[in-house]
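1. Here you go, sequence then predicted model.
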2 protein chains.
Amino acid sequence: MTASVLDYIFNPRSIAIAGVSPDLARPNIAQAFVNSLKDFGYKGDIYPLHPAGGEIFGLKVYKNIKDIPNNVDYVVSAIPARYTPQLITDCVVKKVKIVHLFTSGYSEIEDHIGLELENEIVKIARSGGVRLIGPNCMGTYCPATGMTFAAEYPDQKGFPKTSGQVGLVSQSGGNTIYAIRQCAERGVYFSKAISYGNATDLNESDYLEYFADDDETRLVAMYIEGLKEGQRFKYAVKKALKTKPVIINKGGNTETGARTCTSHTSAMAGSAKIWRSFIKQTGAILVEGMDELVDVIVAFTKMPVPHGRNAVVIGTGGGVGVQAADDITNAGLFLPMLNPEVRKQLNSIYGTEAGSMFRNPVDSPPFGGVKNHIRAIKAIADSNDIDIIILHFGFDIWAMVSRTIPLQPFVETVSELVDIIKKPLAIVLHYCTDPKSRVLEDEVAHKFVNMGLPVYPSISRAANAISKYITYHEYRLKNLKDRD
Amino acid sequence: MTASVLDYIFNPRSIAIAGVSPDLARPNIAQAFVNSLKDFGYKGDIYPLHPAGGEIFGLKVYKNIKDIPNNVDYVVSAIPARYTPQLITDCVVKKVKIVHLFTSGYSEIEDHIGLELENEIVKIARSGGVRLIGPNCMGTYCPATGMTFAAEYPDQKGFPKTSGQVGLVSQSGGNTIYAIRQCAERGVYFSKAISYGNATDLNESDYLEYFADDDETRLVAMYIEGLKEGQRFKYAVKKALKTKPVIINKGGNTETGARTCTSHTSAMAGSAKIWRSFIKQTGAILVEGMDELVDVIVAFTKMPVPHGRNAVVIGTGGGVGVQAADDITNAGLFLPMLNPEVRKQLNSIYGTEAGSMFRNPVDSPPFGGVKNHIRAIKAIADSNDIDIIILHFGFDIWAMVSRTIPLQPFVETVSELVDIIKKPLAIVLHYCTDPKSRVLEDEVAHKFVNMGLPVYPSISRAANAISKYITYHEYRLKNLKDRD
């Protein structure tokens, strides 16, 4: 029942936007909604609404939704909260399916008027069969149907028009934007995303249930500040996990964080301890922060499942190797000593003295030449002791020679290896310091992303994401066994 | 005694570099040492050494150090390990003060030959009054005297020629480079730095004692893999702490990390638990990783000492505010609710409804105008409840409007506030996703750095660094009281 209504969220045949100033000299956020949909290629009808009437972007501005001659599936409300009861009353008459309330000023504010208003609009909507997204949120993104709240702007990248396999359910608009953009830089795209705010009508469980059944979504990522229905959500997570991974970032894990959730989306954040045990029971993946959410998504979408936790770290630098060893261990992966046979091979390939830093991490000679690098890494990857290969490159380490000298062989080596190595392979490009070098770093990162590889900014972040990826599959394997 | 010899490390009157290929068509690392010193403006004499003789970069290449007609204070060895006993024997004859062994292949390799060679060169050096830096290290950097191992290259930034107040003692060359460059981007410069490798003769305590007495060094930062003399080091840290802060990043905190230290610099890393309690006893600041080392240095050098742990976080975004609240709390700072009087002022300044997200974090209206922002932040900063002000800006949150619109007022606001607010003020520019925006981010970051402000890439990193800065001063205060 809910599912069929929710189809309208990502695939409405027509959209009305309330609050569109018809005066281009007075830009407002509702204008931006119209503009974004047009730019993004939304195919349905777009109806701007404003009491002043007029015309904007070549579209007629209707004074009232009831004046629109055709059906309206979906309404975006960007008008002040006090006018929304009337808007929703009109939407009921117009038989609108979904109202997305971008509008804020409801239960998240301290004033009791906000809560009363929120209760009032829910009552009107429920009695008239209208479902609400929000209030106090950015709404929906679906590249396949052209739904978006962010487009390209001259000085920045907007949201990608490319569809992917990840579904995003986020209580925060900013975090939605962050996840979509960060993922795009890493070569990961979304089937659908929703920023859902106060969740006064449709809530986290509705969205999760929808994504669980959605064939275009292979993995669900969530940012949650508080649950509206705890037990239902637990059931929804377990059900979703039967067919796809669920990754959850929970905001408000401290008392102050929980207080901030209340100010932000009126959410009751609950105890971090309870959350942790709750997530552990379901088998969902709990992450800390949006960066980790993105890192874990990258592992799930860009790597085959590792057969074990034995990693090898290969790259130039001693101090960075020590840090790598600590980071790998702290993330719950292992860094086994390379076996003597492989190390003998490395010494013979590179013509180095016995006992060079080839134990693991491997401090690879920077000027070994592409063919030697390929032979060396292939020899390591073929070893039965190794499940995961992490190759890293630090731009800042090349203080005495041009860094382009070792960079080009590194890129060439990886581009050859990507077809040869069948084990999980991750690339780490250490965050570099000077702006000029960052441009170079970005170019190289995109090359690796275009090869379909997972790219991370530090060994610590790579190891942590890969470890959680493995934990999920260990859990699945264990549960399959338990069922036998 | 040691101190006077150590003066030659950073201020030698002449330098000979062993292993300089006289053939420009066959570039090697020793050539790069010569080139770096020349480019960096080293004023003393430079003598390239190579058995082939000849000329390079307009300098005569001597076949043997004994052929050099003048005194030589300092020698860089970039020749294979097996030739170094003879070189050091010659250095003894020549009455050289310091030999820096860039050369590796000693006790850090598995082969017993390495350890034997290392013992041999120490014996020769000690008997002849020559002191050794390294082996297996990058050596010294001192902008005041033109000592360096990294210069400007066409495609990248080298080391800055600007002198500062920070002294760096690092067992890893890569970490030395990383710290110097990262700090430069954040507006922090070094008095002197040393990468000291295996520490077979001069060790961590020698360098720390030197920096403790060095008037040009106001703060000592260290990266250590293992101690050569534990008790002496403890005493050296306590002594240094009487006059300046000591910040220590210890590598090799896991078993695998410790094993890697041995491969890298032959260091015995010891137990992480013992280290922690050891550092706690001395009052030095223990950090995890090089990024945190740099972050803490930035707090110490760019902020007045906060009078307490009460922070306010101001910026746009709800989800980011929730994360900020968690991060601030986890770092050991507090985020007190702003008092009703201040919140009333904010509502009146911004013309917002009562209960907007002004509790703390403050979700500041992006389009409030510079004058209003200044009034609002000033009102918050004047509150007695607040010790630290953290202003943050997220480039990625501006999905619907050009991000340059809120950015310009943000920069203007801060540039006005920097003279008005006397309390510690930190800027957070959230790491942004797309390469084009990063260029903008770097430009803005440099503006703030040039205002003398501490700039961080996340609230978590800022809060953690500030918290450790406060802990150091709390410890000092407590110790002063204990002495009364």
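-> Nice, thanks for sending it over.

2. And the nearest residue to A:Lys378 once chain neighbours are set aside, how far from A:Ala311?
-> In space, A:Lys378 comes closest to A:Ile420 once its chain neighbours are excluded; the distance is 6.2 Å by CB to CB, 6 or more residues apart in numbering or on different chains. Backbone N, C-alpha and C define where each C-beta goes, glycine included. To A:Ala311, A:Ile420 is 18 Å away according to CB to CB, to the nearest Å.

3. Compare those two (neighbour count), which wins?
-> Legend: neighbour count by other CB atoms under 10 Å in any protein chain shown for A:Ile420 and A:Ala311, higher for A:Ala311 (27 against 12).

4. what's the nearest residue to that one if we skip its chain neighbours?
-> Nearest-residue entry for A:Ala311: A:Ile388, 4.2 Å, with adjacent residues in sequence omitted and distances by CB to CB, 6+ apart.

5. just A:Ile386 next, same as before
-> A:Val312 (5.0 Å).

6. three-state assignment of that neighbour?
-> Going by DSSP: H, G, I helix; E, B strand; the rest coil, the secondary structure assigned to A:Val312 is strand.

7. I'd like the distance from A:Gln182 to chain B, if you could.
-> Taking CB to the nearest CB, to the nearest Å as the measure, A:Gln182 and chain B are separated by 5 Å.

8. Spit out the contact partners of that residue.
-> Contact partners of A:Gln182, counting by CB atoms under 8 Å, 6 or more residues apart in numbering or on different chains, are A:290-291, A:294, B:396, B:433.

9. any low-confidence regions in the stretch 351-484 of chain A?
-> A:353-356, A:399-405, A:483-484 (pLDDT under 70).

10. what about the strands in it?
-> Ranges of strands within the stretch 351-484 of chain A are A:362-363, A:388-394, A:425-430, A:455-456, based on DSSP state E, counting those that start in this stretch.

11. Can you name the residues of the stretch 1-150 of chain A that neighbour chain B?
-> Taking CB under 8 Å from any CB of the partner chain as the test, the list of the stretch 1-150 of chain A residues beside chain B reads A:27, A:29, A:32-33, A:36, A:105, A:108-111, A:114, A:138, A:149-150.

12. so of those, which ones are in helices?
-> Using DSSP state H, the members of the residues of the stretch 1-150 of chain A next to chain B that fall in helices are A:29, A:32-33, A:36, A:114.

13. Report the two of the residues you listed separated the most.
-> The largest separation in these, counting by CB to CB, is between A:Ser36 and A:Gly114 at 27.2 Å.

14. Give the buried residues for stretch A:18-27.
-> By 16 or more other CB atoms under 10 Å in any protein chain shown, the buried positions in stretch A:18-27 come out as A:18-22.

15. Residues touching that stretch, excluding its own?
-> Against stretch A:18-27 from outside (CB under 8 Å, 6+ apart): A:28-31, A:33-34, A:48-50, A:52-56, A:61, A:65, A:75-79, A:87, B:401.

16. Where do the helices of the stretch 101-250 of chain A begin and end?
-> Read by DSSP state H, counting those that start in this stretch, the stretch 101-250 of chain A holds these helices, from start to end of the chain: A:112-128, A:173-185, A:204-213, A:230-241.

17. Tell me the spatial nearest neighbour of A:Pro304, not counting adjacent residues.
-> A:Pro424 (5.5 Å).

18. Could you report the distance from the one you found to A:His307?
-> Distance, A:Pro424 to A:His307, using CB to CB: 9 Å.

19. Which neighbouring elements make contact with the lengthiest helix in chain A?
-> With DSSP H applied, the helix covering the greatest number of residues in chain A is identified as helix A:459-483. Counting contacts by 3 or more CB pairs under 8 Å, 6 or more residues apart in numbering or on different chains; DSSP states H and E, helix A:459-483 is packed against strand A:285-287, helix A:290-302, strand A:311-315, helix A:319-330, strand A:388-394, strand A:425-430.

20. Just put the ones you listed in TSV and tack on distance to A:Tyr189.
-> Formatted as TSV, the entries for the helices and strands packed on helix A:459-483 read as follows, by distance: least, CB to CB, whole Å:
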stretch	distance to A:Tyr189
strand A:285-287	19
helix A:290-302	9
strand A:311-315	27
helix A:319-330	28
strand A:388-394	24
strand A:425-430	19
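
21. what sits against the residue nearest to A:Ile386?
-> Going by CB under 8 Å, 6+ apart, the list of residues near A:Val312 reads A:335, A:338, A:360-362, A:380-381, A:386, A:388-390.

22. repeat for A:Gly173
-> A:Gly173 is in contact with A:137-138, A:149, A:195, A:197, B:318-319, counting by CB under 8 Å, 6+ apart.

23. So for it, what pLDDT did the model give?
-> On the pLDDT scale, A:Gly173 is placed at 92.

24. Neighbours of the closest residue to it other than its chain neighbours, how many?
-> With CB to CB, 6+ apart as the criterion, A:Gly173 has its nearest non-adjacent residue at 3.4 Å, and that residue is A:Met138. Other residues within reach of A:Met138, judged by other CB under 10 Å, total 27.

25. same deal with A:Phe367?
-> Here the neighbour count serves as a burial measure; for A:Phe367 (other CB under 10 Å) it reads 12.

26. got it, and A:Glu443?
-> Around A:Glu443 there are 12 other residues, counting by other CB under 10 Å.

27. next one: A:Lys422
-> Neighbour count of A:Lys422, defined by other CB under 10 Å: 9.

28. what sits against it?
-> A:Pro304 are the contacts of A:Lys422 under CB under 8 Å, 6+ apart.

29. ok, it to chain B distance?
-> Applying CB to the nearest CB, the value for A:Lys422 to chain B is 25 Å.

30. Likewise for A:Asp396?
-> Distance check for A:Asp396 against chain B: by CB to the nearest CB, it reads 5 Å.

31. and if you look at A:Asn249?
-> When CB to the nearest CB is the yardstick, A:Asn249 and chain B sit 9 Å from each other.

32. A:Thr140 bridge partners, please.
-> When assigned by DSSP bridges, A:Thr140 has beta-bridge partners A:Ile194.

33. Would you mind measuring from it to A:Phe149?
-> 7 Å.

34. When those two are compared, which one has more neighbours?
-> The residue with more neighbours, out of A:Thr140 and A:Phe149 and counting by other CB under 10 Å, is A:Phe149; that gives 27 against 24.

35. phi, psi of that one?
-> phi -120, psi 10 (degrees, to the nearest 10).

36. Surely it touches A:Ser36?
-> Yes. With contact defined as CB atoms under 8 Å, A:Phe149 counts as touching A:Ser36 (5.8 Å).
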